[in-house]
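Undergrad: Here's a sequence, model it:
(one chain, ligands or ions: 1)
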Amino acid sequence: MAGSIYETFGVKTVINASGKMTNLGGSVLSTGVGEAMREASRHHVDLDALMARAGEFVAEATGAPAAWLTTGAAAGIALSVAAVVAGTDPHRISLLPDASFTNRREVVLQAGHQVNFGAPVTQMVRLGGGIPVVVGAVNATSRAQLASAVGANTAALLFVQSHHAVQKGAVPLGEMVAIGRERSIPVIVDAAAEEDLRAYVAAGADLVTYSGGKAIGGPTSGFVAGRKDLIDAVRAQGRGIGRPMKVSKEQIVGFLAALREYLARGEESVVHRNQRSAYLEELLTGIPGLGVGLEDDEAGRAITRVALRPDPSLGLSARDLADRLAAGSPSIRVRGHQASVGTLLIDPRELTPGAEEIIVERVREIVDAARSERRDEGSR
Ligand SMILES: *Cc1c(COP(=O)(O)O)cnc(C)c1O
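TA: Numbering: from 1, shown residues only. Here you go, the predicted model:
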């Protein structure tokens, strides 16, 4: 039975209707990826050689000159910053995250990009020895403000491409790249959950980091792709702060198998998941007291989600609905980023077969119960 391995340890599985959430275990792995990891677990291998080969494979997939695998995008940010601050100098690498050996350790980012993805992005900068310099206001940062924040102490510019970032009033990547080029300062892009593996390298970023466990559908893993000299420096951090971010042979092989499948799948999965959203919307429409619609991804990825908006007359807030869905059995976890404005989202990407019907049944039960409670109160 699905999930039984977790149940043998006394923990229940959940229905993930919220997307590629790290706290729900990222992606469910395909059979091929699972088998690749099991196969990898059965042999010894020279890890340096495996990492080097994996880096070449990722470089090819991203169009970057070089790449290096990491445990995830969070590690990718920390290691990218460490690379620009300490380079390949073994002594400097051994001192991080204390980078008092240099003044050139400021990392400039826009206020609207100062996100928390489960941990603050600025903390990853500090972990790599950087000092975050946050510029502008969350909804308004100008190119001039960024340019004047850049100086002799600037080690890098950091651009966060994410649905977590404020999507208005920001300076586009192209302009940050232009500022970087003018002053010979590397631009690092956090593209953790992005699906286009080439766009940010093509846009001129010097280092780009992705999660392997999000769009690509691999196990907990990730990579940094970019300039050869900087990737050499990322790699060199393995003798420093990179050590507690060590990638296992199973992760490497699982990631590579997932990447291979991801590249082969192409647009096919986009069509499929958005069809599931349309199907789910159809099933949910018509529950009295529940507004239902389709909503495109706020960060511009080709993801369509189902929006649920409980009518205020129900006396059931979006947050209440999310809590009740989570409290049931099986626990259903929806996307709650917009709960405070009355909207819940159902993300199709990680729904296992048959999940739609279970979700519809439970939503109907909860909304019906709220409505009849209201009616009872009204008739008293
Ligand atoms: C998920 C995420 C991260 C962290 O990625 P991991 O692979 O889980 O380490 C970093 N930045 C953004 C914008 C994210 O969405």
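Undergrad: CA atoms for contacts and neighbours, from now on please.
TA: OK.
Undergrad: quick one: secondary structure of residue 157?
TA: strand (DSSP: H, G, I helix; E, B strand; the rest coil).
Undergrad: i'd like the first residue to be 32 from this point on
TA: Sure, I'll start counting at 32 from here, so that last one is residue 188.
Undergrad: Would you list the phi and psi of the residue in the stretch 132-281 of the chain positioned nearest to the ligand?
TA: As assessed by Cα to the nearest ligand atom, the ligand sits closest to residue 242 within the stretch 132-281 of the chain, at 3.9 Å. With angles defined as degrees, to the nearest 10, residue 242 sits at phi -90, psi 140.
Undergrad: The one 5 residues further on too?
TA: In this entry, residue 247 is assigned phi and psi values of phi -70, psi -20 (degrees, to the nearest 10).
Undergrad: Could you pull out the helices in the chain for me?
TA: When assigned using DSSP state H, the helices of the chain occupy the ranges 35-38, 62-71, 78-93, 104-117, 121-126, 152-158, 174-180, 204-214, 230-233, 259-267, 280-296, 299-315, 349-358, 386-410.
Undergrad: quick one: the longest one to helix 349-358, angle?
TA: It refers to helix 386-410. With axes from the mean of the first three to the mean of the last three Cα atoms, to 10 degrees as the basis, helix 386-410 and helix 349-358 are set at 130 degrees to each other.
Undergrad: So which elements touch helix 386-410?
TA: Counting contacts by 3 or more Cα pairs under 8 Å, 6 or more residues apart in numbering; DSSP states H and E, helix 386-410 packs against helix 299-315, helix 349-358.
Undergrad: again, but for the third one
TA: Under the contact criterion of 3+ Cα pairs under 8 Å, 6+ apart, the helices and strands touching helix 78-93 comprise strand 97-101, strand 253-257, helix 280-296.
Undergrad: List the buried residues in that helix.
TA: 82, 85, 86, 87, 88, 89, 90, 92, 93 (16 or more other Cα atoms under 10 Å).
Undergrad: likewise the second one?
TA: Across helix 62-71, burial judged by 16+ other Cα under 10 Å covers 64, 65, 67, 68, 71.
Undergrad: So what's the gap between it and the chain middle?
TA: Helix 62-71 sits 23 Å away from the centroid of its parent chain (Cα atoms, centre = their mean, to the nearest Å).
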